[in-house]
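S.K.: Dropping the sequence and predicted coords here.
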Amino acid sequence: MNKKRVFSGVQPTGNLHLGNYLGAIKNFVDLQNKFECVYCIVDLHAITNHQDPKVLDSNILETAATFIASGLKPDKNIIFNQASVAAHSELAWVFNCVARIGWLNRMTQFKEKAGTNKENASVGLLVYPNLMAADILLYKATHVPVGEDQKQHLELTRDIAKKFNNDFQCKNFFPIVEPLIPKEISRVMSLRNGSKKMSKSEESDQSRINLKDEKDSIDQKIKKAKTDNESIPSEIEGLKDRKEALNLLSIYASLNEIKIENVLKEFGGKNFSSFKNKLSESLVEKICPIGNEIKKLLQDKDYLYKILEKGSKNADLIAKNNLKEIYDIVGLKKFT
């Protein structure tokens, strides 16, 4: 590879929101000019929880539309859906045999998603970190953009790469992938509760800014967003134990690509009502054009299918070549 390679994936949950954009997709757009980038719609990960097949199909297209509307260039990046490249599942099985059960049992996201009823959780939910490792290492990616909640999974990927390289005495076959952590915000919290991550699964639509929200909806949600009775501080120390205030100020900083310290200099001593007006303006300026483009792209499904088809073919070429090498190392033969 002439360029270092980035891999990242987004689950096709449908109706992506501000957290998806600021936490991942905005960073993808920035990286496309610095790296060779492979961006995947991870539909196989999505089915660890039951999905309505028709809704899943629609969500895959909407995620592709969101990538493009946000600024990802199909001619510059590989954009595809995971299920189109069978090598992801094949390498995941190899990694099921490399990873240790103890490693998977320590994954905090499994504990959170399975809850108290672990016995009824799908096997896929337990082993999907191995599939995530396969997604990354199948392309011998050198870098992965991650948020705070994904660091543990990246550590597992690194552990699997090291163990594979050691077990099969193929030093440096898999690169030890490096994290790319955004300088500013990487985890957007709920507008109603600064302790909870912004999520589509939260019951109240008031808790999130959806990428397809119109101006009036954005204005109304920000106006009602939870804060506190104190004014905005001038120093970062003044935000200690003020999670909702920190969340809104961090969103503004990320949207405008400035440090939060500069936001505090601008708004320090003012009340949140005037700041919320500015935040709404920034959101409408940045998010509404993306939402409008998503809606426009979804009117031309054939165009989106062509992008995914082309991306899948390009991804499959890389994946097949690397999987052949992996099978040769392991001692597996493939006659088809």
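M.R.: Perfect, thanks for sending it.

S.K.: Can you list the buried residues in whichever helix in the chain runs longest?
M.R.: If each helix of the chain is counted by residues according to DSSP state H, the longest one is helix 301-330. Of the residues in helix 301-330, 304, 307-308, 311-312, 314-316, 318-319, 322-323, 326-327, 329 count as buried by neighbour count, 16 or more other Cβ atoms under 10 Å. For glycine as for every other residue, the C-beta is placed from the backbone atoms N, C-alpha and C.

S.K.: Name the nearest of those residues relative to Tyr39.
M.R.: Using Cβ to Cβ, Gly311 comes nearest to Tyr39 of the buried residues of helix 301-330, at 8.3 Å.

S.K.: which stretches of the stretch 151-300 of the chain have low pLDDT?
M.R.: 183-186 (pLDDT under 70).

S.K.: Go again with 90.
M.R.: Within the stretch 151-300 of the chain, the stretches with pLDDT under 90 are 151-153, 181-187, 200-203.

S.K.: where along it do the strands fall?
M.R.: 178-180 (DSSP state E, counting those that start in this stretch).

S.K.: where exactly do the helices run in it?
M.R.: Here the stretch 151-300 of the chain has its helices, by DSSP state H, counting those that start in this stretch, at 151-167, 215-224, 243-255, 260-267, 272-297.

S.K.: Would you mind putting those helices into JSON lines with distance to Lys111 alongside?
M.R.: Output for these, formatted as JSON lines (distance: least, Cβ to Cβ, whole Å):
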{"stretch": "helix 151-167", "distance to Lys111": "11"}
{"stretch": "helix 215-224", "distance to Lys111": "31"}
{"stretch": "helix 243-255", "distance to Lys111": "22"}
{"stretch": "helix 260-267", "distance to Lys111": "31"}
{"stretch": "helix 272-297", "distance to Lys111": "33"}
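
S.K.: Quickly compare these and say which is most buried.
M.R.: helix 243-255 (a mean of 21; mean count of other Cβ atoms under 10 Å).

S.K.: roughly how far is that helix from the heart of the chain?
M.R.: Chain-centre distance of helix 243-255: 19 Å, with Cα atoms, centre = their mean, to the nearest Å.

S.K.: can you check stretch 67-77 too?
M.R.: Using Cα atoms, centre = their mean, the offset of stretch 67-77 from its chain centre is 15 Å.

S.K.: And for stretch 32-43?
M.R.: For stretch 32-43, the distance to the chain centre is 11 Å (Cα atoms, centre = their mean).

S.K.: quick one: contacts of it?
M.R.: 1-12, 28, 31, 56, 60, 63-64, 67, 72-73, 76-83, 135, 139, 141, 143, 308, 315, 318 (Cβ atoms under 8 Å, 6 or more residues apart in numbering).

S.K.: Of those residues, which belong to strands?
M.R.: Arg5, Val6, Phe7, Ser8, Gly9, Val10, Ile78, Ile79, Phe80, Asn81, His143 (DSSP state E).

S.K.: Let me have those in a markdown table, adding distance to Leu91, neighbour count and pLDDT as columns.
M.R.: Conversion of the ones in strands among the contacts of stretch 32-43 to a markdown table gives the following (distance: Cβ to Cβ, whole Å; neighbours: other Cβ atoms under 10 Å; pLDDT from 0 to 100):
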| residue | distance to Leu91 | neighbour count | pLDDT |
| --- | --- | --- | --- |
| Arg5 | 16 | 21 | 97 |
| Val6 | 18 | 25 | 97 |
| Phe7 | 13 | 24 | 97 |
| Ser8 | 17 | 23 | 96 |
| Gly9 | 14 | 23 | 95 |
| Val10 | 20 | 20 | 94 |
| Ile78 | 17 | 22 | 98 |
| Ile79 | 20 | 26 | 98 |
| Phe80 | 16 | 24 | 98 |
| Asn81 | 17 | 22 | 98 |
| His143 | 19 | 20 | 96 |
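
S.K.: among these, which two are most distant?
M.R.: Applying Cβ to Cβ across those, the maximum distance is between Asn81 and His143, 21.6 Å.

S.K.: Can you read off the pLDDT for Ala114?
M.R.: Per-residue pLDDT puts Ala114 at 72.

S.K.: leaving aside the residues next to it on the chain, what's closest to it?
M.R.: Nearest residue to Ala114 in three dimensions, chain neighbours excluded: Ala121, at 3.8 Å (Cβ to Cβ, 6 or more residues apart in numbering).

S.K.: residues touching the closest residue to Lys4 other than its chain neighbours, list them.
M.R.: Take Lys4 and drop its neighbours on the chain: the residue closest to it by Cβ to Cβ, 6+ apart is Thr142, 4.4 Å away. Residues counted as contacts of Thr142 (Cβ under 8 Å, 6+ apart) are Met1, Lys4, Arg5, Val6, Pro175, Val177, Glu178.

S.K.: The fifth one - how many residues pack around it?
M.R.: Pro175 is surrounded by 18 other residues when neighbours are defined as other Cβ atoms under 10 Å.

S.K.: is it true that it touches Ala161?
M.R.: Yes. The pair Pro175 / Ala161 is scored as a contact, 7.1 Å apart, by Cβ atoms under 8 Å.
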